[in-house]
Each structure stands twice: as structure tokens, then as C-alpha cells.
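Trainee: predicted model, plus sequence, below.
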2 protein chains.
Amino acid sequence: MVRKTKEDAAITRQRIIDAAREVFLVRGVSRTSMEQIAAQAGLTRGAIYWHFDSKTEILLALRERVFLPLIDRMDDTLLKAAEGAEDPLLNIERFLTETIQVLNDSSETRQTYEIMMIKCEYVDEFAEVLQQIANNCSNISLNIKRAYQRAQELDLLDTSCTPEEYAMDTYLFFSGLLHMWIKDPEGSERRQQTNNFIRAHVRLRRKTKTA
Amino acid sequence: MVRKTKEDAAITRQRIIDAAREVFLVRGVSRTSMEQIAAQAGLTRGAIYWHFDSKTEILLALRERVFLPLIDRMDDTLLKAAEGAEDPLLNIERFLTETIQVLNDSSETRQTYEIMMIKCEYVDEFAEVLQQIANNCSNISLNIKRAYQRAQELDLLDTSCTPEEYAMDTYLFFSGLLHMWIKDPEGSERRQQTNNFIRAHVRLRRKTKTA
DNA sequence: GGGTTTACATACAAGCATGTTTGTATGTAA
DNA sequence: TTACATACAAACATGCTTGTATGTAAACCC
């Protein structure tokens, strides 16, 4: 069987992406050849070159498929925190735990993060990917700041720092948390304590903590 | 001139490492060939293969040269914080600012970090490097915890969280800070505010903040 | 139902990058 | 001065990867 129906082709395309993810995770992006991806997908390079122009495009497709929904979700939770919520700090806590929960539940997401973090070199055509990530991060950072500003308006926020300082502190905590979580081996002790650390992080910002 | 004296050979070896760092930074580790390193160093591959068995060994040498002194220095500052200091929180703050200061002052350190963070794929023989880094980090984490415990004994520490929770929070902050600092472009606004954010981070932990 | 396009497989050519081998001139010690 | 080790350069052989070109059978469209 050679020529497939359109739905079959879409499945094939997805199989290529899945195969690439599996091989990338083991061999790294650079050391992975088109032939290896094809073999993992049970295809030949011809199929891959029909669906994608290059290995880079596969990686970009892999990334978009996982990152865009996650970014949307994070923005959504944070926007709620900044606008409607009666307890913005709780929403910030929810933003953190939910993101970790996605990593915990979805191996596709977890593996994709691992590839983007420690199995990929950001040079040449990937420099722009780094730029996109930076943009997403600064957007998250901005929304965190708004949430803290709202918490301040509602008099829920400790007064020793400014909302901007809290926001940067939380953003850096979040960034470090993702790296730790991805790099830690599966089922590590620290992974299980993650929610504790998130709660402690947010608790430290509540005004009533010493009252 | 072919055969050099021992000192000349040591200089050549260092030139190879320097050349590799420059090429790695631009092209990434995987895409860099021995030929390119040799050209950058003004040598041939023969010279490189005499000094190093493989590209991996160059990268390891590059890493050790920068990381080991830095790790030592961080351990040193944190140990002082955990044992002798009359203000452990100030020492934690110093640990953070000093590390950033090193990155700021030494382009060799900064570039090496950038290579290890976003221009290198941790697979196969590099999986163990990741393990070493994890060990260093958990050691740092442990020393931070000790410093916070001492701060608690001296009644300098806010009581809303445990020393362990503070330690993890600071470690994740530190991890995120390094990534932000390295990924941000040179002379970025956020880089300059780094010290402010560090001070805010530590200030939040002082007991007297609401007194 | 015939032509056209689609969705692949197969085959071919060319370019690195690697590792190794060989050559060689100099330092170095006896 | 001899004998060997050192510090490279240069040449060689090999394998891998990429890109492209061609083949082909089935799906799609009118």
C-alpha cells in the first residue's frame, strides 16, 4: 500500500512527530538522523521529506504542538488572577501547580520539555526559537506582576517588597522549578514535594502570615 | 618549527580550549567539527588529536576549567554562612551576588555557561555531566538549608516557612536567575536589576520585615 | 473512468567529519 | 652524539548523512 487517504496522511505526519520525539529524547536532536526517525516511525526518509522540509521543521512542529496550548493555558490562568479573582495569590499558586500537573500527566509534554531544555542546541535557525520563548516568558512575567498588583489592591500582599519584585521572584522560582522538575529523575523525592514548595513560595507573600 | 617545549605545548592546549569555546558558542557543540576548532586555533586537526581524544574531552576540559573554581567558591561562601557568620542571610545574599558578579566580569565563565546551558545536548556520554551538575546543585541546596537553619537559630528568619522550604525556594530562584541572566542579551535591562531582585528575595525572609 | 495529484518508497550522488596512519623536525636525556 | 619521546602536519580511507531525483500505486476529481 502506498498512497493513503488524507486522514491516513495526517496520521503518518503525527507518527513522524511522535517518532522524532522518541529518538530526540534518546539521541539528542543533532545526532538524530532522518533515517533514524523514519525507522522509528516505520517509514522511509521519502515519507518524512514529503511531510517536512528538514529536521528543524519537525522539531518546530513538535514544539508548537505542545507549547502553544500550554502557553495559552498559563496565560489564561494568570489573566484570571489579574482581573476577576477574589484571591489572586491563590490563582498564582494554581498557575504553578497546574503547570506542573500537566508535566506530570502528559509524557508528551514532559518529553518535549526535556528535548527543548537539554537535548537541543540553540544556534542559527534556533536562535529565533529562543527569542520566542523569551517573549512568552516576559509575557508570563508581566501577567504575574499584574496578579500581584491586584493582590496588593485587595490588601492581601505582604508589604516588604513591590509587586514587580514579587513577580520577578516568582518567575525565577517558576523557571528554576521547571528545570529541576525536568532534570530530576522520574519518581524523584523532590518531584513529589513540588506542591509543598509551591505553597511555601506563595505563603511567604501573604500579608497575614505574621498577624 | 614543529616540536615545541613543554610550556609551548601547554599554551597550545589552552589555545585549543579557547578556540573551541569560541566556535561552540557560535555553532553549537554538535555542529562544530574538529577542523573548525583547529582553524580557529591556527592549527591542524593533528594537533588537537594529540592533545585530546575527542571533541567531548575538549568540552569536558572547557567545563572543568570554569566550573570547578566557581563551585568551590560558592561552597566556600555558603559554608561560611552556615557556620561562622553572624548574619547568614547576608551571606546568602552575598553568595548570589558574587556568583552573578563572576558571570559579569569573566567572559570566559559567561560563555562557558552559555555553551553548557543552550549550546550542548546532554545525551550518551554527557548524561554523566548532567549527573555531576545535579550533585553540585544538591550540595549547594544543602548548604543553603544549613545557612537558613543557622539564621533560624539566630532568630533572624521569618517563621512562616521552614528552613528547608526557604532553601528550596532560594535554590530555585538561583537556578532561574542563572538561566535568565545567561539567556538575556548583553546589557539587558533585567540584567542590571539583578541585584535588586536578589536583595528583595533575601529581604522577604528576614523576620523584622513586619515588625 | 481517465487524468491528475498525492503519498509515499527506492535509488543515486556528493559532501563532510571522523579516526587513523604516516611523516618529520625538534626537544631531551644518557 | 646517539637514541628516543614529543608535538605537531598532512594524507588517507571510511562511513554516515543529506538532498534530490525518480518510480509507483492508490486516491481524488470531473
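Mentor: Great, that's in hand.
Trainee: now residue A:107: how far from DNA strand C?
Mentor: 25 Å (Cβ to the nearest atom of the strand, to the nearest Å). For glycine as for every other residue, the C-beta is placed from the backbone atoms N, C-alpha and C.
Trainee: show me the domain layout of chain A.
Mentor: What automatic domain parsing lists as the domains of chain A is A:1-52, A:63-210.
Trainee: just those: most buried one?
Mentor: domain A:63-210 (a mean of 18; mean count of other Cβ atoms under 10 Å in any protein chain shown).
Trainee: and that domain with DNA strand D, contact?
Mentor: No - shown here: domain A:63-210 not in contact with DNA strand D (Cβ under 7 Å from any atom of the strand), separated by at least 11.1 Å.
Trainee: how far off centre is that domain?
Mentor: Its chain's C-alpha centre and that of domain A:63-210 lie 9 Å apart, by Cα atoms, centre = their mean, to the nearest Å.
Trainee: show me what contacts residue A:94?
Mentor: Applying Cβ atoms under 8 Å, 6 or more residues apart in numbering or on different chains to residue A:94 gives the contacts A:77, A:81.
Trainee: how about the residues of chain A near DNA strand C?
Mentor: Counting by Cβ under 7 Å from any atom of the strand, chain A sits next to DNA strand C at A:2-4, A:6, A:8-9, A:12-13, A:38, A:43-47, A:50-51.
Trainee: which ones among those map onto helices?
Mentor: Among these, the members falling in helices (DSSP state H) are A:6, A:8-9, A:12-13, A:38, A:45-47, A:50-51.
Trainee: any weak-confidence spans in chain A?
Mentor: Within chain A, the ranges that satisfy pLDDT under 70 run A:1-3, A:208-211.
Trainee: one more time with 50, if that's ok
Mentor: Along chain A, the parts satisfying pLDDT under 50 run over A:1, A:209-211.
Trainee: in it, what residue lies closest to DNA strand C?
Mentor: residue A:46 (2.1 Å; Cβ to the nearest atom of the strand).
Trainee: sorry, back to before: of the residues of chain A next to DNA strand C, closest to residue B:64?
Mentor: Taking Cβ to Cβ as the measure, residue B:64 lies nearest residue A:38 of the residues of chain A next to DNA strand C, at 38.3 Å.
Trainee: before we move on, the earlier item: tell me the one of the residues of chain A next to DNA strand C nearest DNA strand D?
Mentor: Distances from DNA strand D to the residues of chain A next to DNA strand C, taken by Cβ to the nearest atom of the strand, are shortest for residue A:3, at 3.5 Å.
Trainee: what about residue A:88, distance to residue A:80?
Mentor: With the distance defined as Cβ to Cβ, to the nearest Å, residue A:88 ends up 9 Å from residue A:80.
Trainee: whoops, residue A:27 was the one
Mentor: 41 Å.
Trainee: and what of residue A:51?
Mentor: Counting by Cβ to Cβ, the gap between residue A:51 and residue A:80 amounts to 38 Å.
Trainee: how about residue A:62?
Mentor: 29 Å.
Trainee: residue A:131 too?
Mentor: Applying Cβ to Cβ to residue A:131 and residue A:80 gives a distance of 27 Å.
Trainee: which residues touch residue A:73?
Mentor: Going by Cβ under 8 Å, 6+ apart, residue A:73 touches A:98-99, A:102.
Trainee: ok, so of the residues you listed, who is nearest residue B:193?
Mentor: Nearest to residue B:193 among the contacts of residue A:73 is residue A:99, at 24.8 Å by Cβ to Cβ.
Trainee: so how far is residue A:44 from the nearest residue to residue A:149 once chain neighbours are set aside?
Mentor: Distances taken as Cβ to Cβ, 6 or more residues apart in numbering or on different chains put residue A:163 closest to residue A:149, at 4.6 Å, once the chain neighbours are dropped. Computed as Cβ to Cβ, the residue A:163 to residue A:44 distance reads 56 Å.
Trainee: what do you get for residue A:91?
Mentor: Taken as Cβ to Cβ, the span from residue A:91 to residue A:44 is 49 Å.
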